[in-house]
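Enquirer: Need a 3D model of the sequence below.
(one chain, ligands or ions: 2)
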Amino acid sequence: MAGQQYEIRENLTSLDLRLRASAAAMPEGLAELISAIALAGKSIAQKVRRARIEDVVGEVGVTNVQGEVQQKLDVISNELLKHTLARIPSVAVIASEEEEEVLVLRNRSDGGVFSVLFDPLDGSSNIDVGVGIGTIFSVLPNREESTDTAASALQPGTSQLAAGYVLYGSQVALVLTIGDGVDMYVLDPCLGEFVLVAEGLRMPDRKKVYSLNEAYVDTFPESYRRYLTHAHKSGYSGRYIGSMVADVHRTLIKGGVFLYPPTESNPDGKLRLLYEANPMSLLIEQAGGRASTGSGRILQVRPTRVHQRTPVILGSAVEVEQVESHQP
Ligand code: AHM
Ligand code: MG
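Expert: Ligands and ions are numbered 1, 2, ... in the order given. Presented below is the predicted three-dimensional model:
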């Protein structure tokens with residue numbers, strides 16, 4: 001039609017193109033590893049989309065190491081990631097929410113220079129209701145001086161070489177940091193590629209939105225109850241999906257604060273340090289936000305156990321400081 005304006009993305013590029021271009025500036029093998037995680041993410045996205053049709057929603061009938069009921073898609077996603085990563089020659093160690101023990105694939109002397117930690121399908125209790133769920137991952141170095149390969153999974157979040165998540169929602173988004181800012185890609189279903197949509201993402205400094213499971217309020221420590229009283233009187237709004245990836249994605253884009261405080265039944269909070277809190281904290285900090293346990297920076301916690309939990313307060317800098325100011 002005469003005069004029709006066509007919008008064309010001038011700077012069209014994909015995750016794989018960018019990884020190829022910057023591979024030489026990254027630790028050797030890291031670009032290939034991230035590409036492999038993205039491939040597993042595409043594959044999991046397909047499984048999530050077709051879960052109802054292929055009748056793979058629902059529970060497997062066993063509980064995982066966390067004592068939580070495993071969903072069929074938890075198991076499928078875990079296997080997909082494990083098998084994809086096992087083919088990558090630089091992967092030394094895999095640690096997963098769905099695996100009791102750390103899996104050692106190869107030592108450093110055999111080329112294993114990275115440890116990959118992941119929650120294959122976070123928020124999986126939301127699978128059958130069509131809510132956004134996701135894969136969270138963290139990449140750590142398997143250091144030269146280390147003789148205990150499995151122990152390379154137990155490093156503070158400040159050591160992460162890369163971290164990110166894949167959100168399976170109304171769009172499939174991959175949000176990634178390689179320690180120098182945050183980039184967001186969206187899966188173009190026609191191209192089958194993660195296309196860059198935001199480079200050097202910065203999150204808003206403040207936004208009067210809190211995101212937590214308020215039903216547990218009576219079992220939160222007093223300091224969180226005081227914060228909530230303050231928020232109620234100060235014009236805050238609440239948003240809680242109950243899927244960390246979806247809640248953090250919203251927080252990253254729109255601002256606010258996401259919290260999972262200690263509760264009576266989970267005195268250290270529910271979320272796992274190594275493959276939930278740490279990767280999300282690196283992303284949030286790299287986008288200009290803050291991530292706190294309530295008594296310190298999440299990224300500086302020294303882990304002692306692969307499945308250890310931590311309280312989580314992360315989001316816009318001003319909002320996290322507001323929660324912290326109510327801590328003892
Ligand atoms: P999961 O790893 O077993 O899926 O559990 C983690 C999920 C997070 O996505 C979410 O933030 C949290 O559990 C919700 O917990 P709750 O139902 O207690 O509010
Ligand atoms: Mg999880």
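Enquirer: Could you grab the helix/strand/coil label for residue 126?
Expert: On the three-state scheme (DSSP: H, G, I helix; E, B strand; the rest coil), residue 126 is labelled helix.
Enquirer: and what of the one 10 residues further on?
Expert: Secondary structure state of residue 136, per three-state DSSP, is strand.
Enquirer: So it versus residue 23, what's the distance?
Expert: From residue 136 across to residue 23, the span is 24 Å (C-beta to C-beta, to the nearest Å). For the C-beta atoms, the positions are set from N, CA and C on the backbone; glycine is no exception.
Enquirer: residues in contact with stretch 317-328?
Expert: 205-210, 223-224, 226-227, 230, 255-257, 259, 288-292, 294-295, 313-314 (C-beta atoms under 8 Å, 6 or more residues apart in numbering).
Enquirer: Can you give me the buried ones in that stretch?
Expert: 317-320, 322-324, 326 (16 or more other C-beta atoms under 10 Å).
Enquirer: so what's residue 135 bridging to?
Expert: Residue 135 has these beta-bridge partners by DSSP bridges: residue 166.
Enquirer: Could you list the low-confidence segments of this protein?
Expert: Regions of the chain meeting the criterion pLDDT under 70 cover residues 1-4, 58, 60-70, 144-146.
Enquirer: just the helices in it please.
Expert: Using DSSP state H, the helices of the chain run over 15-22, 30-49, 72-86, 222-233, 244-254, 278-286, 317-324.
Enquirer: Now do the longest one against helix 15-22, angle only.
Expert: In this case it means helix 30-49. Counting by axes from the mean of the first three to the mean of the last three C-alpha atoms, to 10 degrees, helix 30-49 lies at 170 degrees to helix 15-22.
Enquirer: what packs against helix 30-49?
Expert: Using 3 or more C-beta pairs under 8 Å, 6 or more residues apart in numbering; DSSP states H and E, the elements in contact with helix 30-49 are helix 15-22, helix 72-86, strand 114-122, strand 133-141, strand 162-168, strand 172-177.
Enquirer: Each with direction, which strands does the last one pair with?
Expert: It stands for strand 172-177. When DSSP bridges is applied, strand 172-177 pairs with strand 162-168 (antiparallel), strand 182-188 (antiparallel).
Enquirer: between these, which one is nearest to residue 244?
Expert: When these are compared by C-beta to C-beta, strand 162-168 sits nearest residue 244, at 8.6 Å.
Enquirer: tell me how far the closest one is from the chain's mean position?
Expert: Remark: strand 162-168 is offset 5 Å from the chain centroid, using C-alpha atoms, centre = their mean, to the nearest Å.
Enquirer: Contact residues of the stretch 1-150 of the chain facing ligand 1?
Expert: Residues of the stretch 1-150 of the chain lying close to ligand 1 by C-beta under 6 Å from any ligand atom are 68, 97, 119, 122-124.
Enquirer: wait, residue 91 sits on residue 111?
Expert: No. Here residue 91 does not reach residue 111: they are 9.1 Å apart, not a contact under C-beta atoms under 8 Å.
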